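[1] Structure for this input, please:
(chains A and B)
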Amino acid sequence: NAGVMQNPRHLVRRRGQEARLRCSPMKGHSHVYWYRQLPEEGLKFMVYLQKENIIDESGMPKERFSAEFPKEGPSILRIQQVVRGDSAAYFCASSPPGTNSYEQYFGPGTRLTVT
Amino acid sequence: KQEVTQIPAALSVPEGENLVLNCSFTDSAIYNLQWFRQDPGKGLTSLLLIQSSQREQTSGRLNASLDKSSGRSTLYIAASQPGDSATYLCAVRGNRKLIWGLGTSLAVNP
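    Prediction:
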C-alpha cells in the first residue's frame, strides 16, 4: 500500500503565476487534509476535504487559495496569483473514513518557492 | 481555542544522555496526540501516536506519555545519538484537524 503521494516535490513560480499542488491519499482513505509550514513558523491547518466535499476550510486564506478533492483523481490545492509570502512547505495528509481518532498519514510535502 | 506549546524550543546534549521533551495543550478535549520528527528541509516522520484513552506508547528508545487531564505529554528519548538530531513536533487532534506546537530543535553532540 503506497503512502500518501504529493507532487511536485519542489515547485518554483514567479509572482503572479498559478501554483497547483497535488495529493494522492493512501488507498482506502477518503479524507484529505492540507497543512502549510511557513519559514520559521509552525505548521498550520488549511483545509479538510472528503470526496467531492469541503468539510472545513477555516484555515484557508480568504483569497487566491482553493482546494478540491474530486470523485476521481488527486486532491488539488490551487494558489492563484502567487506572492512571495506563499513560499512555504505544503503538506497533505490522509486518513480512513470514520472517527477522529484515526491517525493522519503525511506525504513528503511540496516546497513552493515564489521568485 | 486549542494552543500547543513545546518546551524547550532548543536543546543541545552530549551523546548518550537521556532526555525529555515537553508538550502542553490548553484544551483537554482531544482525540489523540502525535509526536513527529522533522529533519531540516524534509518531511514529517510520525514517531508515536497516543489515543486519548491511552497513557503511553513506546517504540524502541522512544517513550511518549499523555496526561490528558493536565494537558501534558512528554517524549522521552533514551541513550541519545547524533542521528537523533532533528526538530521534534507535537500535534494534538481536535475535531477534524491537528493543532501543532512550534517544536523542539534537538542537537545531539558526538
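[2] ok, A:Pro8 - contacts?
    Taking Cβ atoms under 8 Å, 6 or more residues apart in numbering or on different chains, we find A:Pro8 in contact with A:21-22, A:110. In this view, the C-beta of every residue, glycine as well, is placed from N, C-alpha and C.
[3] out of those residues, who's nearest B:Ala86?
    Checking the contacts of A:Pro8 against B:Ala86 with Cβ to Cβ, the nearest one is A:Thr110 at 20.5 Å.
[4] does the closest one have beta-bridge partners, and which?
    Beta bridges link A:Thr110 to A:Tyr90, judged by DSSP bridges.
[5] okay, now it: neighbour count?
    22 (other Cβ atoms under 10 Å in any protein chain shown).
[6] show me what contacts it?
    By Cβ under 8 Å, 6+ apart, the neighbours of A:Thr110 are A:6-11, A:21, A:89-90.
[7] What parts of chain B come near chain A?
    Applying Cβ under 8 Å from any Cβ of the partner chain, one finds that chain B approaches chain A through B:31-32, B:34, B:36, B:41, B:43-44, B:46, B:49, B:51-52, B:89, B:91, B:93-103.
[8] Whichever of these end up buried, select them in ChimeraX.
    Buried members of the residues of chain B next to chain A, defined by 16 or more other Cβ atoms under 10 Å in any protein chain shown, are picked up in ChimeraX with:
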select /B:31,32,34,36,43,44,46,49,51,52,89,91,93,94,97,98,99,100,101,102,103
